[in-house]
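**Student:** Quick one, what's the 3D model for this:
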Amino acid sequence: MLASYEGRAYSLTRPDSKAAVEHGLAAAEWYHTDIPRQQMKQLMRRSDWPAIPDTTIWLGVLIGSAAGIVASWGTWWVVPFLLVYGVMYGSATDSRWHECGHGTAFKTRWMNVLVYHLACFMIMREPTIWRWSHARHHTDTLIVGRDPEIAAMRPPKLIKIIVNFVGLVDVPVAFFSILLHATGRLTPDEHDYIPEMEQHKVFVVARVWVAIYVAVIASCFWINSAIPLALVPGGRLYGAWHFMLCGLTQHAGMAEDVFDHRLNSRTVYMNPISRFIYWNMNYHVEHHMFPMVPYHRLPELHAATKHDCPEPYRGFAQAYAEIIPTIVGQLRDQHLFVHRRLPETARPFRPDLHDIPGAAPAE
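**Tutor:** Below you'll find the predicted structure:
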């Protein structure tokens, strides 16, 4: 089922995109674990209350650390406040735009919309662009030429991955995109997955964001201080490391062009602080199989599906012990990928996708 890896084109407007459609790789039927209907209804039930206290704590820590930055500016005491603020601004927002974008974080719609737009601004992901981009990511996860959110392509761009731990690629690219959209234009890839009727929303939001950034810069001159820039959008730079640390565990080095999330996604056990920041997205196999289950129910979903899924990774160390040698090895051999083994209790979906001919699984 895998296409040739030689000269793979990940662009949504290149030949691989057309080939993916022609070979039935686009909008395919994906495997999911069988869960009783009544149990699934319970797991999908939404509620405001888990997300309200989580959001209150998040915003409280964010505001408190921002106040600490202002109060300690110019001294070494500012460093711990910057570290905390940066993670709350530049990493916690990654999971919050994601969950609120799915509409599952809160039961009340306006709460999802409000937190979604706030988190999108902070993480610098334009709300309409990323809503449609992420919908495509779920429809065609790691399908080459279809998925616009493949972070570690083959061969991987290692320098880009490394410097993005401090946002040195993503942030300039985001600024360029915002300026482009403010002029009323989209990239060819964006034209591919954003419906025409939605495109005007991109332009309106981009112009609002440009006005905010201009106001931030102007305020720096007004008060003769770089504090406003350190807060907005500075936190997106120095606070990105945690979301990159978590985000790469999702799919990096996994099988492409398969219809089974057990083979192209990872579930990684994480510590309680990282789970709070990441809003349980470490249960990523489960999330992709059932994306409408709220983040606070993912541990329950994990318990209901683990008999059918590969063994979870026991923390960051175990996950990266596999990710790093795999993506480094892909510099030499683009056929290399992580071959996940299903437990004996799992139900095989497509044996030909479990043992992909001609591919060299990472050991």
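**Student:** who touches His296 in this structure?
**Tutor:** 47, 50-51, 280 (CB atoms under 8 Å, 6 or more residues apart in numbering). For glycine as for every other residue, the C-beta is placed from the backbone atoms N, C-alpha and C.
**Student:** Export those as TSV, with columns for distance to Gln199.
**Tutor:** TSV is the format used below for the contacts of His296 (distance: CB to CB, whole Å):
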residue	distance to Gln199
Ser47	34
Pro50	34
Ala51	30
Asn280	33
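**Student:** which of those tops the neighbour count?
**Tutor:** Ala51 (26 neighbours; other CB atoms under 10 Å).
**Student:** from memory that residue sits against Tyr116, does it?
**Tutor:** No: with contact defined as CB atoms under 8 Å, Ala51 and Tyr116 do not form a contacting pair (11.7 Å).
**Student:** Check the offset of the lengthiest helix in the chain from the chain's centre.
**Tutor:** Identified as the longest helix of the chain according to DSSP state H is helix 199-223. The chain centre lies 24 Å from the centre of helix 199-223; the measure is CA atoms, centre = their mean, to the nearest Å.
**Student:** And what about the residue nearest the centre of the chain, helix, strand or coil?
**Tutor:** Nearest residue to the geometric centre of the chain (CA atoms, centre = their mean): Gly247, 5.8 Å. Assigned with DSSP: H, G, I helix; E, B strand; the rest coil, Gly247 falls in the helix class.
**Student:** show me what contacts it?
**Tutor:** Contact partners of Gly247, counting by CB under 8 Å, 6+ apart, are 94, 151.
**Student:** Distance of it relative to Tyr278?
**Tutor:** Going from Gly247 to Tyr278 by CB to CB, to the nearest Å gives 9 Å.
**Student:** Same question for Pro50.
**Tutor:** As judged by CB to CB, Pro50 and Tyr278 stand 15 Å apart.
**Student:** again with Gln334
**Tutor:** Taken as CB to CB, the span from Gln334 to Tyr278 is 30 Å.
**Student:** any idea of the pLDDT on Ser4?
**Tutor:** We have a pLDDT of 45 for Ser4.
**Student:** okay, and for this protein, where does confidence drop off?
**Tutor:** 1-8, 16, 350-363 (pLDDT under 70).
**Student:** So which residues of it form strands?
**Tutor:** Assigned by DSSP state E, the chain shows strands spanning 336-338, 360-362.
**Student:** ok so, going back, identify the farthest-apart pair in the contacts of His296.
**Tutor:** Farthest pair in the contacts of His296 (CB to CB) is Ser47 and Asn280. Separation: 14.3 Å.
**Student:** who touches the closest residue to Ser11 other than its chain neighbours in this structure?
**Tutor:** Spatial nearest neighbour of Ser11, chain neighbours left out: Asp189 (6.3 Å); criterion: CB to CB, 6 or more residues apart in numbering. The contact partners of Asp189, by CB under 8 Å, 6+ apart, come to 11-13, 148.
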